[in-house]
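K.L.:
Sequence and predicted structure, then a few things I'm wondering about:
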Amino acid sequence: MSMSTLKTPVMNSIAKRCYANKAAALSIKGPQVQTKKLPNNSLVVAVPDYPTNIGRVSVTFLAGSRYEDPENAGISHLVRSSAGLSTESSSTFSIIRNLGHLGTNYYVTSDRETITYTIEAHKENLVSSLKYYIESISNQTFKPWELSDNLKRVEYDLLTVSPELRVLDLAHKAAYRNALGNTVFLPKYNVKKLGSEHLLYYVKKNFNNQNAIISSVGVDLDTLVHVSEDLNLPNGDASCSPKSKYFGGDLRKSKALDVTYLAVVGEGVSYKDSQSASYAVLQYLLGKGSSVKWGVGQGVLEQNILKSNCSDNFAVSAVNYNYSDSGLFGFLLAYNGKDVSNVLKAAVQSLRSPTVTETEVCRAKKQLIFSLVSASESSAGVLENITYQATTTGQVIPFEKLIAAVEAVTIEDVKKAASKVAGSKLSLAGYGNVATTPYLDNL
Amino acid sequence: MPIMKALASNVAVRRWAYNLSGFNKFGLHHDDVLQENDDVKEALRRLPAHKVDERSFRIIRAMQLSLQKIELPKEQWTKFEEDDRYLKPYLEEVIKEREEKEYWEKNYY
């Protein structure tokens, strides 16, 4: 940068122009992604040259709720909640204190397919933090007394699950019945039943090299190879779950709430599917809530419900889930009026036959590209994106290609996606005040 | 001192001292008669339920015997070889954890 030649005016202006060009290119070009399959079968994905001082590392296992059996329903939730408990050589206290003293963030997330252990630290401190991080992933002991001490927190965790999440969970159950239909939340009857041995068995079965995906932002590939070596996971078989088949159905749970939460979904596509970009555009076309403060949202769903003259508050957002072998597409609706049937009918009407115009598709594409670019600009967003891609498809497509795929979506593609959703059997899930909710066959 | 050490590690001497202490005549084990400080209380909390039940039974039986001023028949005395230190691994872990905490409190605050 501080080359003396740059100080001459001519070179200076050229250099400036070059930097300007580079900056413009960066806005479309996402960070470089390196992918490698290690000899021990773990998949490693790194974005080493991201402009950040924070190193983020994730270890992801294909061990989410779809791999559970009926007997241990909700165990992946318990595994997540038990992260950071004593291991074979470090106590909970030392893990928490040491990571805290290094200024490190450590958190665990889980969903239907995966459990992800993520650590974030300043690059200087990352290597010393990794020791405790690795220890707490691969050497978990699940001591019975620590688990029973942890129960209060699990119960609190369950109480704070929002109704939106509950209704989406029910929608999955209605749509898939098993595998992807398994609940992601620990059911009440299993809170005290699942103990140390269940957890040890589940972790031993699923936490192996075959199922591990190690990803990072701001950390190079070699470090991840070392992480993989230090994890020293067993070489087990790949997790097998029955292939998800879409059934469709109607599930509802009455709760003493003033609000009705409804989720209506049809069969969508897996992330691998070539049509997944058009489904993503369709989602924004239908509307993902307002992007402007105090606005109602420009989506087809919102506008159609407004036209149905509903007098009470409502909130609606299209949902699009892409899993490794299947997907769901539909909407989530919350309504606090007396009779939800008109609103629901209007929403289902716009799900079945949305008005797909050139301007609407263009607007949806712009919103989708904004969300992609915005994700590519935070290193946490990049990490989440590459981890998700690696777990669902086994490979990572860089951001610029994702954006190009969105730009390539035509109005015909969106129409085709919409008609496919309309053609599949819908599923309906209700939570809260569901007394006036019509059944699927009345819609 | 080496003599004392040799004495203390000699099995015969240890057996003699064990029998001399007398609690085995009430059918108690070594870990039944520990001073119940905070460490022991925490270790007992971690002990599996069936072991806690066995311990409670032995203590209640010993109280009853002591009240009646009698001992168990000699063949039912706890033998030195059969005395399992069931609380030891738990207690050691509790003490290690406490010392780790104390070390942090002392050196970092």
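P.N.:
Received, thanks.

K.L.:
Next up, the contacts around residue 86.
P.N.:
All of this refers to chain A. If a contact means Cβ atoms under 8 Å, 6 or more residues apart in numbering or on different chains, then A:Ser86 has A:Thr92, A:Ile95, A:Thr141, A:Lys143, A:Glu146 as its contacts. Glycine gets a C-beta too; all of them are placed from N, C-alpha and C.

K.L.:
nope, chain B
P.N.:
B:His29, B:Asp31, B:Leu47, B:Lys51, B:Arg55.

K.L.:
Distance check, it against A:Pro187.
P.N.:
B:Tyr86 sits at a distance of 35 Å from A:Pro187 (criterion: Cβ to Cβ, to the nearest Å).

K.L.:
Looking at chain A, which residue is nearest chain B?
P.N.:
When you check chain A against chain B by Cβ to the nearest Cβ, the closest residue turns out to be A:Trp145, at 4.4 Å.

K.L.:
contacts with chain A among the contacts of B:Tyr86, please.
P.N.:
By Cβ under 8 Å from any Cβ of the partner chain, no member of those lies near chain A.

K.L.:
Greatest separation within those: which pair is it?
P.N.:
Greatest spatial distance among the contacts of B:Tyr86 (Cβ to Cβ): B:His29 and B:Leu47, at 12.6 Å.

K.L.:
shared neighbours, those two?
P.N.:
B:Arg55, B:Tyr86.

K.L.:
which parts of stretch A:196-214 are buried?
P.N.:
In terms of neighbour count (16 or more other Cβ atoms under 10 Å in any protein chain shown), stretch A:196-214 has its buried residues at A:196, A:198-199, A:202-203, A:206-214.

K.L.:
I'd like these laid out as TSV, including distance to chain B.
P.N.:
Shown next, in TSV, are the buried residues of stretch A:196-214 (distance: Cβ to the nearest Cβ, whole Å):
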residue	distance to chain B
A:Ser196	11
A:His198	16
A:Leu199	17
A:Tyr202	21
A:Val203	21
A:Asn206	26
A:Phe207	24
A:Asn208	28
A:Asn209	30
A:Gln210	33
A:Asn211	31
A:Ala212	30
A:Ile213	33
A:Ile214	30
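
K.L.:
how about the helices of chain B, start to end?
P.N.:
Along chain B, the stretches classed as helices by DSSP state H are B:2-9, B:11-21, B:38-46, B:49-67, B:88-108.

K.L.:
Identify whichever of these lies nearest to A:Gly297.
P.N.:
Nearest to A:Gly297 among those is helix B:88-108 (50.9 Å), distances taken as Cβ to Cβ.

K.L.:
Tell me what angle the closest one forms with helix B:38-46.
P.N.:
Helix B:88-108 runs at 130 degrees relative to helix B:38-46, counting by axes from the mean of the first three to the mean of the last three Cα atoms, to 10 degrees.

K.L.:
counting contacts, what elements does helix B:88-108 pack onto?
P.N.:
Counting contacts by 3 or more Cβ pairs under 8 Å, 6 or more residues apart in numbering or on different chains; DSSP states H and E, helix B:88-108 is packed against helix A:92-101, helix B:38-46.

K.L.:
of all those, which lies closest to A:Ile134?
P.N.:
With Cβ to Cβ as the measure, helix A:92-101 is the member of the helices and strands packed on helix B:88-108 nearest A:Ile134 (11.0 Å).

K.L.:
Quick check: next helix or strand after the closest one?
P.N.:
Of the helices and strands lying after helix A:92-101 in sequence (DSSP states H and E), the nearest is strand A:105-110.

K.L.:
Distance from that next one to the middle of the chain?
P.N.:
Using Cα atoms, centre = their mean, to the nearest Å, the mean C-alpha position of strand A:105-110 is found 13 Å from that of the whole chain.

K.L.:
Can you show me the CA trace of that strand as PDB?
P.N.:
Backbone C-alpha positions of strand A:105-110 (Å, rounded to 0.1, in the frame of the first residue of the first chain) are rendered in PDB as follows:
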ATOM      1  CA  ASN A 105     -18.200 -16.700  22.600                       C
ATOM      2  CA  TYR A 106     -19.300 -20.300  22.500                       C
ATOM      3  CA  TYR A 107     -22.800 -21.400  21.500                       C
ATOM      4  CA  VAL A 108     -24.700 -24.300  20.200                       C
ATOM      5  CA  THR A 109     -27.600 -24.400  17.800                       C
ATOM      6  CA  SER A 110     -29.600 -27.300  16.600                       C
END
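
K.L.:
what comes up buried for the helix or strand following that strand?
P.N.:
Once strand A:105-110 ends, the next helix or strand along the chain (criterion: DSSP H and E) is strand A:115-122. Within strand A:115-122, the residues that qualify as buried are A:Ile115, A:Thr116, A:Tyr117, A:Thr118, A:Ile119, A:Glu120, A:Ala121, counting by 16+ other Cβ under 10 Å.

K.L.:
So the first one versus A:Leu383, what's the distance?
P.N.:
Noted for A:Ile115: a distance of 15 Å to A:Leu383, by Cβ to Cβ.

K.L.:
what's near enough to touch the residue of chain B found nearest chain A?
P.N.:
Using Cβ to the nearest Cβ, the closest approach of chain B to chain A is made by B:Arg46 at 4.4 Å. Listed by Cβ under 8 Å, 6+ apart, the contact partners of B:Arg46 are A:Lys143, A:Pro144, A:Trp145, B:Tyr90, B:Glu93, B:Val94.

K.L.:
Contact partners for B:Asn19?
P.N.:
With contacts defined as Cβ under 8 Å, 6+ apart, the neighbours of B:Asn19 are B:Phe80.

K.L.:
how close does it get to B:Leu65?
P.N.:
To B:Leu65, B:Asn19 is 17 Å away according to Cβ to Cβ.

K.L.:
Repeat that for A:Asn342.
P.N.:
80 Å.

K.L.:
just A:Asn139 next, same as before
P.N.:
Remark: distance between A:Asn139 and B:Leu65 (Cβ to Cβ) = 46 Å.

K.L.:
what residue ranges in the chain score low on pLDDT?
P.N.:
Unless you meant another one, I'm taking chain A. Counting by pLDDT under 70, chain A shows low-confidence ranges at A:1-28.

K.L.:
if you could check chain B rather than the one you did, that'd help
P.N.:
Flagging of chain B using pLDDT under 70 yields the residue ranges B:1.

K.L.:
what residue is smack in the middle of it?
P.N.:
With distances taken as Cα atoms, centre = their mean, the residue of chain B nearest its centroid is B:Asp31 (1.7 Å).

K.L.:
Would you check that it makes contact with B:Glu92?
P.N.:
No - with contact defined as Cβ atoms under 8 Å, B:Asp31 does not count as touching B:Glu92 (11.9 Å).

K.L.:
hmm, back to that, may I see the ChimeraX selection of the buried members of the contacts of B:Tyr86?
P.N.:
Applying 16+ other Cβ under 10 Å to these, the buried members can be selected in ChimeraX as follows:
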select /B:29,31,47,55
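
K.L.:
sorry, back to before: host element of the residue of chain A closest to chain B?
P.N.:
helix A:144-159.

K.L.:
State the next helix or strand along the chain beyond that helix.
P.N.:
Reading on from helix A:144-159 to the C-terminus, the next helix or strand found by DSSP H and E is helix A:163-176.

K.L.:
got the angle between the next helix or strand after that following helix and helix A:144-159?
P.N.:
In the C-terminal direction, the helix or strand that comes right after helix A:163-176 (DSSP H and E) is helix A:196-206. An angle of 80 degrees separates the directions of helix A:196-206 and helix A:144-159 when computed by the same axes, to 10 degrees.

K.L.:
From the chain's centre, how far out is helix A:196-206? Work that out for me.
P.N.:
Relative to the chain's own centre, helix A:196-206 is displaced by 24 Å; criterion: Cα atoms, centre = their mean.
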